[in-house]
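>>> A predicted structure for the sequence below; I have some questions about it.
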Amino acid sequence: MNNFTKVLSASALAVALAACGSSSSGSDVGTPNPPSPPPADPGNFEIRVHHASADAPAVNITVNGDIFLDNVDYQVSSGLASVEEGTYDIGVDAILPGGDTATVIGPLSLDLEADMRYDVFALGRVDDETLEPFIVANEISDVSGGNARIQVLHGVPIDVAVDVYLTEVNADLSAEQPAATLAYQEHTPQVEVPAGFYQVRITVAGDVDALLFDSGEVSLPAGADLFLTATPNVAANADERPIALLVADGEGSAVLYSVDTGADIRVVHAVADAPAVDILVNDAVAISELAFPEFTGYVNLAADEYNIKVNAAGTETTVIDADVELMNAWQYSILAVGELGEGTIAPAVIRDFNRRVTTEAIVRIVHASPAAGPVDIYVTATDDITDADPAFAGVDFDAAEIQATGNVSLAPGEYYVTVTLAGTKDAAIGPVMLDLMGGGLYTAIAVDAADGGLPPQLILMDDFVSDE
């Protein structure tokens, strides 16, 4: 490292708490519920939990048998909780598909010191058994007037050291010295800088051209006290921009993606009675002769608004003309849906969440079959749905707002999926046996039969047709 030092703690708190693995986007961390204090009159310590393990499930943290933090998810940091020093029984419960929990750590009896701030991390991965606890301990102190304070941790489990630059906006990196050089699990101390506008860039150590992350212009306001954790990017363009910063401010957290991450899109031809099509982006042909029921892989585009046209292949006959805004770091499936014969072809834009969780299989079913009408979807342990209730009832086709189950987490294993007309037990699709693996992503799109009409069929995507 340069002028920054690595601070490691052997505290048993790290062993107890940082093994918490937690998962993906959109979840909230519950307000910490401080446990009952010990009878003495001690001082306080501060504690905060960060989930930085990309393939681990969400967890609850228990203290003295009560939930202290609930549903700590990937790329989420809790707020700082102030708790009286003393001896506490700490436990970590993994949240399993279906809502059950399993205790994975403790409870352990630990002595926690006053006037200290404990930042507890889950680092590493479940699938290669490198998930491990990690803690950063600092004395509690105020930020100096007019300054902001930051601390940076390299939390991406790769054997690549990185240079971290904190510069004026658009400064030439070749003329700058890195603020820190960090290997995995190394971190800086708390560092104060004058409040203002800065740019954070992370490169492979010693190579300013090997850019891994670029924040663009960011504001560091006076009094800000931020912990920045480099975490694996599980959203768009992860190969080119593999780092996303988890930013914790003491009250909550946000994820900061590289400003040039872009958006990943893939296109699905889901109109059974339509010929092969060309896809034009801003009037330039991007995809040629995509036939029903084919789909493309992901393509990365700069975040922006685009005009998307769908033409009959080799012609200028446009059947879809739509403007689509693509958000930075988002992933999308864009479906051509409807019926050519009825003049109802339209684009359906679905946001994809593709983080893989080793302890669960993630399944999504999309209704894009206009001939089928409302359907019930069953997910069962056997192929007999006689006494089963639908997992999703009354899912209807709507070209203007395509209906999907969203990501459903299931325990790995064998399941049967059956799609019936709503309110009946008459199978329109299936039962289809699915052997779902932990860490798998599975998308199935229900579409009309070839050339249109019934019976519907499935377009199988992601790990249904991939070895990844």
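Yep, it's here. Numbering: from 1, shown residues only.
>>> three-state assignment of residue 310?
Three-state assignment for residue 310 (DSSP: H, G, I helix; E, B strand; the rest coil): strand.
>>> for it, grab the count of nearby residues.
For residue 310, the neighbour count with other CB atoms under 10 Å is 26. Bear in mind the C-beta positions are built from the backbone N, C-alpha and C, glycine included.
>>> could you do the one 5 residues further on as well?
Residue 315 is flanked by 10 other residues according to other CB under 10 Å.
>>> give me the pLDDT for it.
On the pLDDT scale, residue 315 is placed at 96.
>>> A strand includes it, no?
No - counting by three-state DSSP, residue 315 is not found in a strand; it is coil.
>>> please report how far it lies from residue 249.
54 Å (CB to CB, to the nearest Å).
>>> ok, now residue 460?
43 Å.
>>> quick one: which of those two has more around it?
The neighbour count for residue 460 versus residue 249, taken as other CB under 10 Å, is higher for residue 460 (17 against 14).
>>> ok, what's across the strand from that one?
Counting by DSSP bridges, residue 460 is bridged to residue 444.
>>> can you tell me the closest non-neighbouring residue to residue 282?
Spatial nearest neighbour of residue 282, chain neighbours left out: residue 307 (5.4 Å); criterion: CB to CB, 6 or more residues apart in numbering.
>>> list the beta-bridge partners for the one you found.
residue 323.
>>> okay, now it: neighbour count?
For residue 307, the count of nearby residues is 12 (other CB under 10 Å).
>>> ok, residue 401 next?
Neighbours around residue 401, by other CB under 10 Å: 7.
>>> and for residue 230?
The burial count for residue 230: 24, using other CB under 10 Å.
>>> how close does it sit to residue 349?
As judged by CB to CB, residue 230 and residue 349 stand 31 Å apart.
>>> try residue 121
Distance of residue 121 to residue 349, given as CB to CB: 35 Å.
>>> what of residue 296?
15 Å.
>>> and the longest strand along the chain, what does it pack against?
Identified as the longest strand of the chain according to DSSP state E is strand 101-112. Secondary-structure packing of strand 101-112 (3 or more CB pairs under 8 Å, 6 or more residues apart in numbering; DSSP states H and E): helix 12-17, strand 59-63, strand 86-95.
>>> partner strands of whichever helix or strand comes after that strand, with direction?
Later in the chain than strand 101-112, the nearest helix or strand by DSSP states H and E is strand 116-123. Its sheet considered, strand 116-123 pairs with strand 44-51 (parallel), strand 132-139 (antiparallel) by DSSP bridges.
>>> could you give the angle of the first one to strand 86-95?
Between the axis of strand 44-51 and that of strand 86-95 there is an angle of 20 degrees, by axes from the mean of the first three to the mean of the last three CA atoms, to 10 degrees.
>>> pull out the buried positions in strand 44-51.
Neighbour-count burial for strand 44-51, counted by 16 or more other CB atoms under 10 Å, picks out 44, 45, 46, 47, 48, 49, 50, 51.
>>> pLDDT below threshold where in this protein?
1-42, 104-106, 467-468 (pLDDT under 70).
>>> can you list the domain ranges for it.
As given by automatic domain parsing, the domain ranges for the chain are 1-140, 142-261, 262-352, 355-468.
>>> can you show me the CA trace of stretch 160-178 as CSV?
What follows is stretch 160-178, C-alpha atoms only, in CSV (Å, rounded to 0.1, in the frame of the first residue of the first chain):
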residue,chain,number,x,y,z
VAL,A,160,-5.8,-8.2,-8.1
ALA,A,161,-4.5,-5.2,-6.3
VAL,A,162,-6.1,-1.8,-7.2
ASP,A,163,-5.1,1.8,-7.2
VAL,A,164,-7.8,4.2,-5.7
TYR,A,165,-7.7,7.8,-7.0
LEU,A,166,-9.6,10.6,-5.4
THR,A,167,-9.1,13.7,-7.6
GLU,A,168,-10.6,16.8,-8.9
VAL,A,169,-13.1,16.1,-11.6
ASN,A,170,-11.6,15.1,-14.9
ALA,A,171,-8.0,15.2,-13.6
ASP,A,172,-5.5,13.4,-15.8
LEU,A,173,-4.7,10.2,-13.9
SER,A,174,-1.3,9.9,-15.5
ALA,A,175,-0.3,13.0,-13.6
GLU,A,176,-1.8,11.8,-10.3
GLN,A,177,-0.6,9.6,-7.5
PRO,A,178,-3.1,7.0,-6.2
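>>> in it, what's buried?
162, 163, 164, 165, 166, 167, 173, 178.
>>> ok, which pair from these is furthest apart?
Across the buried residues of stretch 160-178, no pair lies farther apart than 162 and 167, at 15.2 Å, counting by CB to CB.
>>> distance-wise, check the closest residue to residue 96 other than its chain neighbours relative to residue 83.
Spatial nearest neighbour of residue 96, chain neighbours left out: residue 102 (6.1 Å); criterion: CB to CB, 6+ apart. Using CB to CB, residue 102 is found at 25 Å from residue 83.
>>> repeat for residue 160
Using CB to CB, we find residue 160 at a distance of 36 Å from residue 83.
>>> do the same with residue 221
Distance, residue 221 to residue 83, using CB to CB: 27 Å.
>>> before we move on, back to that, what about residue 121 and residue 349, which has more around it?
Using other CB under 10 Å, the more surrounded residue of residue 121 and residue 349 is residue 121, with 30 against 15.
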